[in-house]
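> here's my sequence, what's the structure:
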Amino acid sequence: MNKVCPCILTLLLVAFCLDAHAAKLNVLFVAVDDLGNVLGSAGQHGIKTPHLDRLAASGVRFDRAYCQIPLCNPSRASVLTGLRPDATTVFDLDRHFRDAVPAAVTLPQLFKNNGWFTARVGKIYHYDVPKGIGTDGLDDAPSWQQVVNPKGRDVTDEKLIINPTPEKPVSAALSWLAAVGEDTEQTDGMIATEALRLLEQHQAEPFFLGVGFFRPHTPFVAPQKYFDLYPLENIRLPQAPANDRDDIPPAAFAHNNPTPNYGLDELTCRKALQAYHASVSFVDAQIGRVLDALDQLKLADKTVVVVWSDHGYHLGEHLGAWQKRCLFEESARAPLLIRAPGAKGNGVGCSRVVEFVDIYPTVTSLCGLTPPNALPGRSLTPLLDDPARPWDSSAITQILRPGGGTPLMGRSIRTERWRYTEWDEGRAGAELYDHTTDPEEFTNLAGVDEWQEAMQDLQQRLRAKASGAVPQTPFKSARL
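Here you go, the predicted model:
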């Protein structure tokens, strides 16, 4: 029998490993904290986001992407496990998903198990902000081979933050700071710097890199130059009819913010809105640094880029709703951008209804991996090739209220035309909004006889999808 030279075997093994690495796409997984639907490319709010707009122009921006729960910890747990909140049983800011699903294989964990280098910089799983900055927060050790927790001057400068409601912590208030110093001194600037370092160090092997930015979560902190982009005289609060709240169930508004506009005057609210805009542009600049690095390292053509926010964000809509924890469009809908090498739909926006539980199966499908268990989401890869294709889907978003000692669940279903929401299965009120005529959800049609059939169909669909069941009969209304 002929013997093969050990040197040749070594060379063949190296070549095999290089080919295997070359066949694997990288993943850049970018999470932004409390980023509402304010991207410049979406034509809203006049906020300057040139780098996210650049990504949208080279990928697919999903304009109707809905989180499963508009609160940081449960939303992130849902995205990273691919499970709905009812499966993770994470509804608040303190519970870890592994308490309920200890054997869950998270999205980065699946990549790690299949030979990718996995690392996290900043906030991917939940952290308290700002007190958790620089710690591991509610991180998940099985997900990563390496973690980095930068802590910038925004933490040490906390005493300088303007908080017009001092009875509230800065994390839950409309609080802000126009900071001195450079981008790279802030935590998010440091996160971008560490991401660049990891990209350079691991460019020769397949990687899954989670990059999590803390802004624009309150306190709204950004260098002064980003505030200068938004002159205060140009800042306007959202408008709504004077009777907008009259037909909305009380449970619809966040229990931790019962007073419209926090009881603040218009000028103070405009200053807070200016600070939010500044924080968004600041984070956009840091994302731009990371995208530039992909280009400079010649990694863009073999890297799937996903940018998402944990939920949407209220900026004064409905006569003074701020932040999250609501089931209105502003809170339930959140930015989602995906750029996949070779996708035919790159550069085109998608208006189909998708959910954040779709992120896990989409990323795994693009990279040739199979989730270890059945997941409720569906891969969005067909929409990446044809964003306008027919897509029969709906999205479920939910939130838990304390309910005066008895927890009260709100659930909402969004179709291309409708949003239907019920509180405590309707016992605490219901909402129905027709987005063809009322995109700002000003008129609740739940009590209008003309729309009872549509509402009943949506109710059936909501309860079936939330339970994981499939409706046994077709929906009667053709107007969904």
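
> I figured residue 441 was touching residue 419, is that so?
Yes: at 6.6 Å, residue 441 counts as touching residue 419 under the criterion of CB atoms under 8 Å. Using the backbone N, CA and C atoms, a C-beta is placed for each residue, glycine as well.

> which residues are common contacts for these two?
329, 431, 433, 435 (CB atoms under 8 Å, 6 or more residues apart in numbering).

> in strands only, show me these.
Judged by DSSP state E, the subset of the shared contacts of residue 441 and residue 419 located in strands is 431, 433.

> from the shared contacts of residue 441 and residue 419, which two are the most distant?
For these, with distances taken as CB to CB, the pair at the greatest spread is 431 and 435 (12.5 Å).

> comparing those two, which shows the higher neighbour count?
Neighbours per residue, other CB atoms under 10 Å: of residue 431 and residue 435, the larger number sits with residue 431, 25 against 16.

> in three-state terms, label the closest residue to that one other than its chain neighbours for me.
For residue 431, ignoring the flanking residues on the chain, the nearest one in space by CB to CB, 6 or more residues apart in numbering is residue 421 at 4.2 Å. The three-state assignment at residue 421 reads strand, by DSSP: H, G, I helix; E, B strand; the rest coil.

> also residue 412?
Residue 412 ends up strand, using three-state DSSP.

> which parts of the stretch 51-200 of the chain are helices?
Per DSSP state H, counting those that start in this stretch, the stretch 51-200 of the chain carries helices over the ranges 72-81, 85-88, 107-113, 153-156, 187-201.

> just the CA trace of stretch 210-219, in PDB.
Listed next in PDB are the C-alpha coordinates belonging to stretch 210-219 (Å, rounded to 0.1, in the frame of the first residue of the first chain):
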ATOM      1  CA  GLY A 210     -22.800  40.400  18.800                       C
ATOM      2  CA  VAL A 211     -22.400  44.200  19.100                       C
ATOM      3  CA  GLY A 212     -24.900  45.800  21.500                       C
ATOM      4  CA  PHE A 213     -25.200  49.600  21.900                       C
ATOM      5  CA  PHE A 214     -26.800  51.100  25.000                       C
ATOM      6  CA  ARG A 215     -28.200  54.300  23.500                       C
ATOM      7  CA  PRO A 216     -30.700  55.800  22.800                       C
ATOM      8  CA  HIS A 217     -31.900  54.200  26.100                       C
ATOM      9  CA  THR A 218     -32.400  56.800  28.800                       C
ATOM     10  CA  PRO A 219     -30.500  58.800  30.000                       C
END
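
> quick check: residue 201 vs residue 367, distance?
21 Å (CB to CB, to the nearest Å).

> more neighbours: those two, which one.
residue 367 (20 against 13).

> next, the contact list for the more buried one, please.
Contacts of residue 367 by CB under 8 Å, 6+ apart are 24, 25, 27, 111, 304.

> quick one: it from residue 381, how far?
11 Å.

> likewise for residue 37?
Applying CB to CB to residue 37 and residue 381 gives a distance of 23 Å.

> looking at those two, which one has more neighbours?
Between residue 37 and residue 381, residue 37 has the larger neighbour count (other CB under 10 Å), namely 20 against 16.

> which of the residues in the lengthiest helix in the chain are buried?
Across the chain, the longest stretch assigned as helix under DSSP state H is helix 266-296. By 16 or more other CB atoms under 10 Å, the buried positions in helix 266-296 come out as 268-291, 293-294.
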